[in-house]
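Novice: can you look at this prediction? I've put the sequence above it.
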Amino acid sequence: MFGLMQDRPLMISSIITHAARQHAKSEVVSKNIDGSIARSTYDAIERRARRLAKALIALGISAEDRVATIALNSCRHLELYYAISGTGAICHTINPRLAPDDVAYVVSHATDRIIFVDPVFAPLVAAVAPRIAATVRAIVIIGSAAEMPALALPPGMDLLCYEDLIAAADDNYVWPEFDERSAASLCYTSGTTGRPKGVLYSHRSTLLHALAVNVGDVIGIRAVDRILPVVPMFHVNAWGIPYSAPMAGASIIMPGRHLDGASIAALLNTEKVTISCGVPTVWLGLLQHLRASGERIDTVRRLTVGGSAVPRSMTEAFETEYGVELGQGWGMTEMSPVGTYCQPNAANADLTGDALLRLKEKQGRALWGVEMRIIDAEGAALPWDGLAFGLLQVRGPWVCSAYFGDAPDSALDAEGWFSTGDIATIDPDGFMEITDRAKDVIKSGGEWISSVQLENIAVGHPDVAEAAIIAARHPKWDERPLLILTAKPGHEIDRASVMDIFDGKIATWWKPDDVLVLPELPHTATGKVHKMILRDTYKDYLVK
Ligand code: ADP
């Protein structure tokens with residue numbers, strides 16, 4: 001017997017219509033490239049999204065067509081998110097930091113029909129246009145007529161203006177209802193190893209993920225919050241904030257292009273931001289700026305951080321020096337992306353001081369909706385004792401089952417688990433801690449050394465800005481850890497004192513064999529330290 005409750009599909013359009021109706025006074029603020037501020041509301045965004053939907057249909061877009069965006073966080077990008085998915089088409093967000101070759105690859109792989117591009121990324125599109133002419137019919141510049149660049153496009157590829165399209169369309173459009181399992185958006189992994197792979201989110205997965213992120217122990221967005229996603233809308237839907245914030249009714253502050261410490265601090269303060277989300281590098285830049293300038297960020301109650309491990313020194317600095325809670329989450333493109341979040345539960349509710357900081361080094365407990373387990377090399381499940389580490393697997397309604405274009409369920413094992421590629425422990429209270437990416441693990445004399453733990457300790461040194469541990473070849477032990485780091489501006493690195501910081505914190509045989517200081521570290525398209533490049537360059541450093 002089925003329940004007798006209304007069977008209404010979970011539609012992305014319902015989020016924006018809800019926000020427009022219920023939260024008319026909330027703001028959507030964009031910092032433009034020229035530094036000026038544009039202000040909009042959910043009501044205006046919903047109306048403009050309806051016009052955009054009509055414009056898309058007039059351009060021949062129908063259900064399941066892929067429509068791409070190459071854009072920063074802005075009100076207009078938010079309009080595109082809702083217009084494209086709302087019509088039943090698929091919003092393919094492209095990371096402008098991908099190599100042009102990878103941009104051409106993902107556009108062709110997705111068979112994008114139209115690409116909406118911020119004017120600042122027009123040169124990137126011009127560079128790849130000849131290679132994507134087979135699928136792309138039009139390039140739409142996200143701006144007004146005055147912002148149109150002179151762009152030479154191949155025959156058959158039109159150059160259109162976003163504001164002209166909106167002006168020419170009317171808003172006489174009713175958001176359609178269809179199967180909630182329909183595809184809504186597409187995001188490719190960064191492809192640090194091999195080609196990028198497409199993860200295809202559905203309306204249902206997007207709404208369930210947005211709800212899960214909004215609970216109090218996760219990002220916990222409330223209607224009175226003003227949230228600044230530093231995480232880009234061009235990668236994993238900015239952790240779902242473009243959906244979870246309007247669902248909650250919160251105002252969104254879109255930071256545009258300048259993500260350095262000074263620019264972010266200024267925007268946090270002028271826009272009275274209460275929550276912000278970003279990767280550790282962003283918060284490192286902010287911390288350095290705050291310490292150097294003496295500025296405060298007193299309206300902020302929570303910074304949410306993920307994408308790579310969060311060093312204890314960073315959590316401690318924000319919480320003790322600035323009174324701002326730093327909350328760590330973990331996830332990946334294949335998980336929409338949030339899978340775990342680290343907030344105490346009943347087992348450790350009374351922790352304070354060092355013990356609480358230690359807990360917060362962990363990636364956290366699974367959100368409702370996500371199941372996780374760790375397995376050994378033979379595939380047997382490992383105990384949750386905080387000691388055994390193995391490959392982390394997940395399953396749940398916002399976890400990918402197959403990459404775009406691949407056979408159904410081909411990303412899963414026989415029991416329906418998705419392997420994350422992360423190596424982790426899980427403690428008896430359910431807190432997961434990443435020790436490594438499987439590909440970054442260091443195998444010294446057959447034993448594993450956690451690069452994440454060593455990096456967290458290294459960035460606790462007062463002169464160190466960023467640190468990476470790589471597996472370097474070693475004649476006796478096969479691999480040994482090599483510490484590569486950069487100094488904070490104006491600081492000198494004393495290698496012996498950096499080595500000393502490991503003493504008493506780890507087993508002696510985990511200590512890095514050497515320290516290498518570089519002017520800067522290479523980063524991936526999503527702002528993580530590009531360990532593959534470091535490994536390729538320095539893997540023989542210890543044998544030379
Ligand atoms: P990309 O590297 O392309 O941005 P993802 O965003 O999907 O790809 O990266 C997911 C990976 O990032 C995870 O599998 C994990 O290795 C790492 N990661 C994410 N959050 C954390 C975290 N809080 N601590 C440690 N590693 C993390």
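Specialist: Cool, got the structure.
Novice: what sits opposite Val199 in the beta ladder?
Specialist: According to DSSP bridges, Cys187 are recorded as the beta-bridge partners of Val199.
Novice: thought it was touching Ser190?
Specialist: No. Val199 is not in contact with Ser190 according to CB atoms under 8 Å; the separation is 11.5 Å. Glycine gets a C-beta too; all of them are placed from N, C-alpha and C.
Novice: the two: which is more packed in?
Specialist: Neighbours per residue (other CB atoms under 10 Å) separate Val199 from Ser190, with Val199 holding more: 25 against 20.
Novice: OK, contacts around that one?
Specialist: 186-189, 333-334, 400, 403-404 (CB atoms under 8 Å, 6 or more residues apart in numbering).
Novice: and which of those is nearest to the ligand?
Specialist: Sorting those by how near they are to the ligand, with CB to the nearest ligand atom, puts Thr333 at the top with 3.6 Å.
Novice: picking that back up, keep the contacts of Val199, but drop any that are not near the ligand.
Specialist: By CB under 6 Å from any ligand atom, the members of the contacts of Val199 lying near the ligand are 189, 333.
Novice: check the gap between Asp171 and Ala245 for me.
Specialist: Note on Asp171: its distance to Ala245, by CB to CB, to the nearest Å, is 23 Å.
Novice: so the two - more neighbours on which side?
Specialist: Neighbour totals were compared for Asp171 and Ala245, and Ala245 leads with 32 against 14 (other CB under 10 Å).
Novice: can you report phi and psi for the more buried one?
Specialist: Recorded main-chain torsions at Ala245 are phi -70, psi -50, according to degrees, to the nearest 10.
Novice: so it makes contact with Trp239?
Specialist: No. When contacts are counted by CB under 8 Å, Ala245 is not listed as touching Trp239 (10.5 Å).
Novice: overlap in contacts of these two?
Specialist: Counting by CB under 8 Å, 6+ apart, the common neighbours of Ala245 and Trp239 are Pro229.
Novice: nearest residue to the residue of the stretch 151-300 of the chain found nearest the ligand in space, please, no chain neighbours.
Specialist: Of all residues in the stretch 151-300 of the chain, the one sitting closest to the ligand is Ser190 (3.1 Å; CB to the nearest ligand atom). Spatial nearest neighbour of Ser190, chain neighbours left out: Ala525 (4.8 Å); criterion: CB to CB, 6 or more residues apart in numbering.
Novice: list the contacts of that neighbour.
Specialist: Listed by CB under 8 Å, 6+ apart, the contact set of Ala525 reads 95, 97-98, 190, 235.
Novice: ok, it to the ligand distance?
Specialist: Here Ala525 is placed at a distance of 7 Å from the ligand (CB to the nearest ligand atom, to the nearest Å).
Novice: per-residue pLDDT, that residue?
Specialist: Here, the pLDDT recorded for Ala525 equals 81.
Novice: that one looks like it's in a strand, true?
Specialist: No. With DSSP: H, G, I helix; E, B strand; the rest coil as the criterion, Ala525 is coil rather than part of a strand.
Novice: tell me the phi and psi of it?
Specialist: Torsion angles at Ala525 (phi, psi; degrees, to the nearest 10) stand at phi -60, psi -20.
Novice: picking that back up, for the contacts of Val199, give me JSON lines that also has pLDDT and neighbour count.
Specialist: Listed next are the contacts of Val199 as JSON lines, based on pLDDT from 0 to 100; neighbours: other CB atoms under 10 Å:
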{"residue": "Leu186", "pLDDT": "98", "neighbour count": "22"}
{"residue": "Cys187", "pLDDT": "98", "neighbour count": "26"}
{"residue": "Tyr188", "pLDDT": "96", "neighbour count": "26"}
{"residue": "Thr189", "pLDDT": "91", "neighbour count": "22"}
{"residue": "Thr333", "pLDDT": "96", "neighbour count": "20"}
{"residue": "Glu334", "pLDDT": "97", "neighbour count": "23"}
{"residue": "Cys400", "pLDDT": "98", "neighbour count": "22"}
{"residue": "Tyr403", "pLDDT": "97", "neighbour count": "18"}
{"residue": "Phe404", "pLDDT": "98", "neighbour count": "19"}
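Novice: now the contacts of Val199 in TSV, with distance to Pro280?
Specialist: As requested, those are exported to TSV (distance: CB to CB, whole Å):
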residue	distance to Pro280
Leu186	27
Cys187	21
Tyr188	23
Thr189	19
Thr333	18
Glu334	21
Cys400	24
Tyr403	27
Phe404	29
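Novice: helices or strands up against the top helix by length along the chain?
Specialist: The helix that spans the most residues within the chain, counting by DSSP state H, is helix 42-58. Using 3 or more CB pairs under 8 Å, 6 or more residues apart in numbering; DSSP states H and E as the contact criterion, the secondary-structure elements in contact with helix 42-58 are helix 13-22, helix 75-87, helix 162-168.
Novice: which residue ranges form the helices in the stretch 251-400 of the chain?
Specialist: In the stretch 251-400 of the chain, helices defined by DSSP state H, counting those that start in this stretch lie at 261-270, 280-293, 312-316, 353-360, listed in chain order.
Novice: equivalent analysis for the stretch 101-250 of the chain, please.
Specialist: Using DSSP H, counting those that start in this stretch, the helices of the stretch 101-250 of the chain run over 122-132, 162-168, 203-213, 241-248.
Novice: mind checking how far the first one is from the chain centre?
Specialist: If you compare the mean C-alpha spot of helix 122-132 with that of the full chain, they lie 25 Å apart, counting by CA atoms, centre = their mean, to the nearest Å.
Novice: how about the residues of the protein near the ligand?
Specialist: 189-190, 236, 306-310, 328, 330-333, 337, 363, 420-422, 434, 437, 524, 526, 528.
Novice: tell me the contacts of the residue in the stretch 1-150 of the chain that the ligand sits nearest to?
Specialist: Nearest residue of the stretch 1-150 of the chain to the ligand, counting by CB to the nearest ligand atom: Asn95, 8.2 Å away. Asn95 makes contact with 188, 190, 232, 234-235, 525-526, according to CB under 8 Å, 6+ apart.
Novice: using a markdown table, lay out those together with distance to Val498.
Specialist: Output for the contacts of Asn95, formatted as a markdown table (distance: CB to CB, whole Å):
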| residue | distance to Val498 |
| --- | --- |
| Tyr188 | 37 |
| Ser190 | 29 |
| Pro232 | 32 |
| Phe234 | 36 |
| His235 | 32 |
| Ala525 | 29 |
| Thr526 | 27 |
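Novice: farthest-separated two in the residues you listed?
Specialist: Between all members of the contacts of Asn95, the longest pairwise span (CB to CB) is found for Tyr188 and Pro232 and amounts to 13.4 Å.
Novice: right, and the helix or strand after the helix or strand where Ala468 lies?
Specialist: Ala468 belongs to strand 464-474 when elements are defined using DSSP states H and E. Counting by DSSP H and E, the next helix or strand C-terminal to strand 464-474 is strand 478-487.
Novice: contacting residues around that following strand?
Specialist: Taking CB under 8 Å, 6+ apart as the rule, strand 478-487 contacts 442-446, 449, 451, 454, 458, 463-474, 493, 498, 510-521, 534, 538, 541-542.
Novice: next, the angle from it to strand 464-474.
Specialist: 160 degrees (axes from the mean of the first three to the mean of the last three CA atoms, to 10 degrees).
Novice: how far off centre is strand 478-487?
Specialist: In terms of CA atoms, centre = their mean, the centre of strand 478-487 is set 26 Å apart from its chain centre.
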